[in-house]
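Novice: With the input below, show me the fold.
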Amino acid sequence: MCSPDFHARFKAQERIYFYRLLCGPEPLSTFEKERAWHIPEELDIFSMLLACNILVGCHDFSSFRAAGCQANSPIRTLDELSVSEATPSPNFPCILGKIMLSTFKEQPLECSTSSEMEPSTNSASGMHANNGVSIAKCSQLFGQRRSHRCYIVTARARSFLYHQVRLLVGVLKAVGTGELKISDVERILNAKTVTAASPMAPACGLYLGNVKYDFS
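Specialist: Numbers count the residues shown, from 1 in each chain. Have a look, this model is predicted:
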């Protein structure tokens, strides 16, 4: 039983948010639409991680505070801000998509044109067309879509400002695509105005991962 003064919002000790990005030129499938932010360009994850290091800690996050915020102070302590690659699955966040791809690297689906193949004049028996393309390989890949690279931004803190996570992701995405430099992140943070930040990330990719309470 909770105490009579328990409040789910104000009694929280820690919150974890996940933001899901899918990168690649291919359109999102029907199962992924409105479940992630689709970024057609490739992302520079190393630069994004450097940007995360600048934003972690206790700061005045006025530049990451949307209009209408009810918080009395813009000072917040961001305990964690990270970017990791995860398995691209529409079942997120049920599986949390946190299986790291440390060894697996996504390869584009394409027909093989290896020079080691021996072209056959009889495509029916050799299963190769005259240009060396494997008919069997192409038939296996027919109808398959290229997988998107899936990245998860994790933000952890006791509390967040209004739309803070989405504004943070907007800046990280801009760093990843090269629209912003690492030095711009510190400039935006020090500007203490939301007009200095990049456009806010759409709501579709944001997930509340966990809320921690102290019931002792």
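
Novice: Where do the helices of the protein begin and end?
Specialist: For the chain, the helices defined by DSSP state H occupy 45-55, 123-126, 135-141, 164-176, 182-191.

Novice: Check which helices and strands the longest one is in contact with.
Specialist: Using 3 or more CB pairs under 8 Å, 6 or more residues apart in numbering; DSSP states H and E as the contact test, the elements touching helix 164-176 are strand 14-23, strand 37-39, helix 45-55, strand 75-86, strand 149-157, helix 182-191, strand 206-212. Bear in mind the C-beta positions are built from the backbone N, C-alpha and C, glycine included.

Novice: So what's the residue count around the nearest residue in space to L167 that is not next to it in sequence?
Specialist: What sits nearest to L167 in space, not counting adjacent residues and going by CB to CB, 6 or more residues apart in numbering, is F64, at 4.2 Å. F64 sits with 31 neighbouring residues when counted by other CB atoms under 10 Å.

Novice: Enumerate every residue touching F64.
Specialist: By CB atoms under 8 Å, 6 or more residues apart in numbering, the contact set of F64 is L161, H163, Q164, L167, L168, V171, V194, A197.

Novice: looking at those residues, which has the most residues close by?
Specialist: Sorting the contacts of F64 by how many neighbours each has (other CB under 10 Å) puts L168 first, at 29 neighbours.
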